[in-house]
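Undergrad: What would the 3D arrangement of this be:
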Amino acid sequence: MKEIVNIQDLQKKFGKFQALSSVNFTVNAGEVVGFIGPNGAGKSTTIRILLGIIKRDAGNAEIFGKDVWKDSLEIHKRISYVPGDVSLWGNLTGGEIIDLFLKLHGGGNKQKRDDLIKRFELDPKKKAKGYSKGNRQKVGLIAALSVDSDLYILDEPTSGLDPLMEAVFQEEVEKIKESGKAILLSSHILSEVERLADRVVIIRQGEIVEAGTLRELRHLTRSTVTLETEGNVAEMARVNGVIDFRQKGNQATFSAENDYLNDILIEASKLGVKKFESAPPTLENLFMRHYEG
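TA: Here you go, the predicted model:
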């Protein structure tokens, strides 16, 4: 796969505060990379460095093989960006602002623009000062998605959108991905990242603490099993790999170490299985593992 973004040992300080310690990850063509972490973890600082807004202290950051600080003007011709809180000119209409953004970028697909205005249910004739936060986000999204870019940097793009509009956004991201474009998606909505991302990068206190596909990361944690048996289900509490065993009647819920799932199934079958459900860990489980406490 063609590498679009390459970040190596990225570091940034604000005074004595170390915002980024050693950040490493890549984004390839045709994939969505979910970039997640709580407020203050370093997501926005990383994105601002990628956009050439602030200068890094150390390490390397490249987009399309070009330095993000020295070659920012060239890079910006091929990227689209949506921030988490879109600021607009209050006396211009939404439609005028979208057209201005497209003109500043150097073009844009007007048919695509009209289609997105309809799909996002935006009133383009209304002045921006009368827009809600959700409608301001729609303006930013429509402008960004109407441009044929090679990289889309989306920082909390669905902030303020209702679930129906989130679904429209997710469909558009799928289309972009299928066309071979690269997407860096930073979001607090973990279900959104889980649905869209091919790989996930989790940042904590300026350092990357996990990175990989969801399938790879799920090997690092446990599945949740719900089991109902004809025999005494309490006997399962003693089986290797069974953790946090909770029983109600002859049904039990517990966490299962993935390496022991086969042993757990064998022992459960001896008790006469009436119900066996195994759910893989969610992205939220993985995320909370690094942040709880």
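
Undergrad: first vs last residue of stretch 238-250, how far apart are they?
TA: 16 Å (C-alpha to C-alpha, to the nearest Å).

Undergrad: the helices in the stretch 1-150 of the chain, which residues?
TA: Along the stretch 1-150 of the chain, counting by DSSP state H, counting those that start in this stretch, helices occupy 43-50, 72-76, 94-105, 110-119, 133-145.

Undergrad: could those helices be laid out in JSON lines, adding mean neighbour count, mean pLDDT and distance to residue 199?
TA: For every residue, glycine as well, the C-beta is placed using N, CA and C. Below are these laid out as JSON lines (neighbours: other C-beta atoms under 10 Å; pLDDT from 0 to 100; distance: least, C-beta to C-beta, whole Å):
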{"stretch": "helix 43-50", "mean neighbour count": "22", "mean pLDDT": "95", "distance to residue 199": "15"}
{"stretch": "helix 72-76", "mean neighbour count": "15", "mean pLDDT": "95", "distance to residue 199": "22"}
{"stretch": "helix 94-105", "mean neighbour count": "18", "mean pLDDT": "93", "distance to residue 199": "27"}
{"stretch": "helix 110-119", "mean neighbour count": "15", "mean pLDDT": "95", "distance to residue 199": "27"}
{"stretch": "helix 133-145", "mean neighbour count": "23", "mean pLDDT": "95", "distance to residue 199": "21"}
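
Undergrad: Quick check: which of those is nearest to residue 6?
TA: Proximity to residue 6, assessed across these by C-beta to C-beta, is greatest for helix 43-50 (10.5 Å).

Undergrad: just so I know, which of the helices of the stretch 1-150 of the chain lies nearest residue 273?
TA: helix 43-50 (44.0 Å).

Undergrad: Quick one: residues in contact with that closest one.
TA: Counting by C-beta atoms under 8 Å, 6 or more residues apart in numbering, helix 43-50 makes contact with 5, 7, 10, 12, 19-20, 23, 35-37, 54-56, 61, 63, 68-69, 153, 155, 184, 186, 203, 206, all of which sit outside it.

Undergrad: Now tabulate the helices of the stretch 1-150 of the chain in a markdown table and tack on distance to residue 82.
TA: Shown next, in a markdown table, are the helices of the stretch 1-150 of the chain (distance: least, C-beta to C-beta, whole Å):
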| stretch | distance to residue 82 |
| --- | --- |
| helix 43-50 | 11 |
| helix 72-76 | 14 |
| helix 94-105 | 11 |
| helix 110-119 | 13 |
| helix 133-145 | 5 |
